[in-house]
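K.L.:
Turn this into a model:
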Amino acid sequence: MIKGKFWQDGEASVIDNILMRIALSHEPKKEFSTVATQKDTFIYSRLFEFRDAKKALQKIIVGVELAKGENQDDYKKFLIEACKSMPENLTKSQAELEQILTATFASQTGIVTEQTGDMGKDLYTRLKERAKVLMNDGKIDEATDLLERAKTVPGSLQKLIEKGTKLIKQQKIDDAQKVYAEAIELAVSIEEGDLAGRLQDELTRASERPRVIEQILDIETKAKKALRDENVKRAAELYKDAAQLAVKLNDVDAMNEFTKKSQSLFDFYTADQKKKRSF
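P.N.:
Below you'll find the model as predicted:
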């Protein structure tokens, strides 16, 4: 929150004691500083000097309140970027400045409140990049909202996907469909159309899974009967069909099993057709 301005147009404006202590902590020209508060937290701040349009020297301080134990170095990049953005925005209202600082804070710090894996981290990165584009277009409110959602949505989505995948493996298709539907809705809410589409494909596969499994088992039964009837070529063709259906289930083990059986039987059939023996 913006609580005061320092040395603007050569005049100091101090709102309360903590602001005065922050200002004094940067003398003489100390770039980074820390000041304890009365709330068991501390302010980590940066002094930034620049020349205005009239070539007059101006000074600003941007700080962030941290809890004891937090690593201040994690926020140095934010302070540097925030200071860079302030000179051209100092004439804006306090509300606009707060939005700019909030957006810069969220985009420069790697804070994600939900634990995420690789998928979640990739999504978080994409959301940050989209937010930067919005900021460059002057859409500060939208950028701030997107960055706030980036703190929780990637982790929530990953948990839903992992839960849905587990339910599918447990053959709890109805429950998996509900979980994936929730994940799709969440992806749509942050305008991640490609991700929503992939999740929809997963949901479709989950819905079709019982029917596909039934087809595979029926084909396997027919293949075994073909072998009993010594129709090797027919059995090979049936196992090939089973392998192709296994792809729809994303079941690599089943696909490999049926592919090997099909290939072995085709090899047997081919060798049997080409036999050249004297008896």
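K.L.:
residues touching the most centrally placed residue in the chain, list them.
P.N.:
Averaging the C-alpha coordinates of the chain gives a centre point, and the residue nearest to it by Cα atoms, centre = their mean is Leu123 (2.2 Å). Taking Cβ atoms under 8 Å, 6 or more residues apart in numbering, we find Leu123 in contact with Thr116, Val153, Pro154, Leu157, Glu192, Leu195. Every C-beta, even on glycine, is put in place using the N, C-alpha and C of the backbone.
K.L.:
Can you tell me which of the residues you listed is nearest Phe268?
P.N.:
Leu195 (45.4 Å; Cβ to Cβ).
K.L.:
measure the closest one to Asp272 for me?
P.N.:
With distances defined as Cβ to Cβ, to the nearest Å, the gap from Leu195 to Asp272 amounts to 50 Å.
K.L.:
who's more crowded, these two?
P.N.:
Between Leu195 and Asp272, counted using other Cβ atoms under 10 Å, the more crowded position is Leu195 (21 against 10).
K.L.:
quick one: buried residues of the helix or strand harbouring Lys240?
P.N.:
Element membership for Lys240 (DSSP states H and E) is helix 232-248. Judged by neighbour count (16 or more other Cβ atoms under 10 Å), helix 232-248 contains these buried residues: 232, 234-243, 245-246, 248.
K.L.:
mind putting these in JSON lines, pLDDT and distance to Ala23 included?
P.N.:
Rendered in JSON lines, the data for the buried residues of helix 232-248 read as follows (pLDDT from 0 to 100; distance: Cβ to Cβ, whole Å):
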{"residue": "Val232", "pLDDT": "92", "distance to Ala23": "89"}
{"residue": "Arg234", "pLDDT": "95", "distance to Ala23": "88"}
{"residue": "Ala235", "pLDDT": "94", "distance to Ala23": "86"}
{"residue": "Ala236", "pLDDT": "94", "distance to Ala23": "83"}
{"residue": "Glu237", "pLDDT": "94", "distance to Ala23": "83"}
{"residue": "Leu238", "pLDDT": "96", "distance to Ala23": "82"}
{"residue": "Tyr239", "pLDDT": "94", "distance to Ala23": "79"}
{"residue": "Lys240", "pLDDT": "92", "distance to Ala23": "78"}
{"residue": "Asp241", "pLDDT": "93", "distance to Ala23": "78"}
{"residue": "Ala242", "pLDDT": "93", "distance to Ala23": "76"}
{"residue": "Ala243", "pLDDT": "91", "distance to Ala23": "73"}
{"residue": "Leu245", "pLDDT": "90", "distance to Ala23": "72"}
{"residue": "Ala246", "pLDDT": "87", "distance to Ala23": "69"}
{"residue": "Lys248", "pLDDT": "80", "distance to Ala23": "67"}
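K.L.:
Report the two of those residues separated the most.
P.N.:
Val232 and Lys248 (26.1 Å).
K.L.:
contacts for the helix holding Lys240?
P.N.:
Residues outside helix 232-248 that contact it (Cβ under 8 Å, 6+ apart): 205, 208, 212, 215-216, 219-220, 222-224, 226-227, 254-255, 257-259, 261-263, 265-266, 268-269, 272.
K.L.:
Also stretch 32-50?
P.N.:
Residues beyond stretch 32-50 that count as contacts (Cβ under 8 Å, 6+ apart) turn out to be 18, 21-22, 25-26, 29-31, 57-68, 72, 75-76, 79-80, 82-84, 86-87.
K.L.:
Counting neighbours, what do you get for Ile219?
P.N.:
One way to gauge burial is a neighbour count; for Ile219, by other Cβ under 10 Å, it gives 20.
K.L.:
Gly63 too?
P.N.:
Other residues near Gly63 come to 23 when the count uses other Cβ under 10 Å.
K.L.:
so what's it bridging to?
P.N.:
Applying DSSP bridges to Gly63 yields these beta-bridge partners: Ser45.
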